[in-house]
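Undergrad: Build me a model:
(2 chains)
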Amino acid sequence: MTTDNRDAGELTLTPAESLALIENTLRETRRALGFSDWLFYFVWGVAWAVAFTATHLARASDSAPLAGLSDVGVGLLWIGCIAAAVVATGVVVARTSHGMAGTTVRIGRRLALAWAAAFAAAGPLVGLLDLEDHEIGAFFVFVVALLYVGQGAAFLDDLQLGVGVWLLALDVVALAAGPEWFNLVLAVLGAGALVTAAAVARRTQQRVLPSDG
Amino acid sequence: MAEAPPTLGALPELDPVIHAQARLRVMTTLSAIAAGDKLAFPRLQELLDMTPGNLSAHVRRLEDAGYVTVEKSYRGRTPVSWVSITRRGRRAFEAYHEALRAYLG
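TA: Coordinates of the predicted model:
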């Protein structure tokens, strides 16, 4: 039974009520402020699936279903997928971190800077290296994989580390498979790994934040 | 025959600063964010669904006890108050939480 000591604000609770209040408040706060890792994996998994699948259908052979798609068309498709994923990522970050400051926000800003710097440098590099289309793809996947490995190691995040190591290995396999198969391998096993990681992250989050009732 | 309820030991001495519903919610919310992080007053208010006056009074009481700090800064020309839990506050909250768990088994 609750006891009203002075006014509504000073309402004191029984030990059981206090414990229940702590557990509910913790759950609600973590739900409101916690980053939903699974959304990042899912959004990027879908972007990779669409872009790599379309590229495969456009470039696998002269008789491929989208063989008529021009280089500009493929490029625009990639820009559209990446832009959509970046916007979705930004919305999730903005929603969870608004009204928050300190270490986590500073780390987040530096991570965003690291990704932006890596891709800003990768663009001119692939131009200077004069690579084939699938080699350009492999170069970018390599950059993504290294960033995942670095973040996973720094934050003791085994899922992120595992995804990074998987993408590194897959990049080698896809490149070795040749230009006809490169995009399909990444569409299935690369995007598939990201969507699987989303499912694992979602399940972990649900274990930490069980639904009410 | 109905089972007898479990016998609880003596009620532990609970920190009176934390052991009030509103302040317990404030402390729990602030304990859920990582060390080194802070919440803007309006965001804390939104999370707790409390009026500014009520939240302000409880935050002041917690600040007087050394459990939270309030930093004032400006975002452009708008003043912003940032609330964070202190190390002492986190220890007090953990001790309070642990005492409840131990008592209730």
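
Undergrad: switch to C-alpha atoms for all contacts and neighbour counts from now on
TA: OK.

Undergrad: host element of the most centrally placed residue in chain B?
TA: Residue closest to the mean C-alpha point of chain B, counted by C-alpha atoms, centre = their mean, is B:M27 at 1.1 Å. Using DSSP states H and E, B:M27 sits within helix B:21-31.

Undergrad: Report whether that helix contacts chain A.
TA: Yes: Helix B:21-31 lies within reach of chain A by C-alpha under 8 Å from any C-alpha of the partner chain, at B:21-22, B:24-25, B:28-29.

Undergrad: which residues touch that helix?
TA: A:9-13, A:18, A:21-22, A:25-26, A:29, B:17-18, B:38-39, B:48, B:55, B:58-59, B:62, B:84-85, B:89-90, B:93 (C-alpha atoms under 8 Å, 6 or more residues apart in numbering or on different chains).

Undergrad: same thing but 7 Å
TA: With C-alpha atoms under 7 Å, 6 or more residues apart in numbering or on different chains as the test, helix B:21-31 has contacts from A:9-13, A:22, A:25-26, A:29, B:18, B:58, B:84-85, B:90, B:93.

Undergrad: Out of those, name the ones that lie in helices.
TA: Using DSSP state H, the members of those that fall in helices are A:22, A:25-26, A:29, B:58, B:90, B:93.

Undergrad: Please list the residues of chain A that sit near chain B.
TA: A:9-13, A:15, A:19, A:22, A:25-26, A:29-30, A:99-104 (C-alpha under 7 Å from any C-alpha of the partner chain).

Undergrad: go with 10 Å
TA: A:2-5, A:8-19, A:21-30, A:32-34, A:97-106 (C-alpha under 10 Å from any C-alpha of the partner chain).

Undergrad: ChimeraX command for the buried members of those residues?
TA: Here is the ChimeraX command that picks out the buried ones among the residues of chain A next to chain B, judged by 16 or more other C-alpha atoms under 10 Å in any protein chain shown:
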select /A:9,10,11,12,13,15,18,19,21,22,24,25,26,27,28,29,30,33,34,97,99,100,101,104,105
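
Undergrad: about what we covered before: mean confidence score for the helix holding B:M27?
TA: Helix B:21-31 carries an average pLDDT of 96.

Undergrad: Following the chain past that helix, name the next helix or strand.
TA: Next element after helix B:21-31 (DSSP H and E): strand B:37-40.

Undergrad: The closest residue to B:P12 other than its chain neighbours: helix or strand, and which one exactly?
TA: Excluding its sequence neighbours, the residue lying closest to B:P12 (C-alpha to C-alpha, 6 or more residues apart in numbering or on different chains) is B:A99, at 6.6 Å. Using DSSP H and E, B:A99 falls within helix B:87-104.
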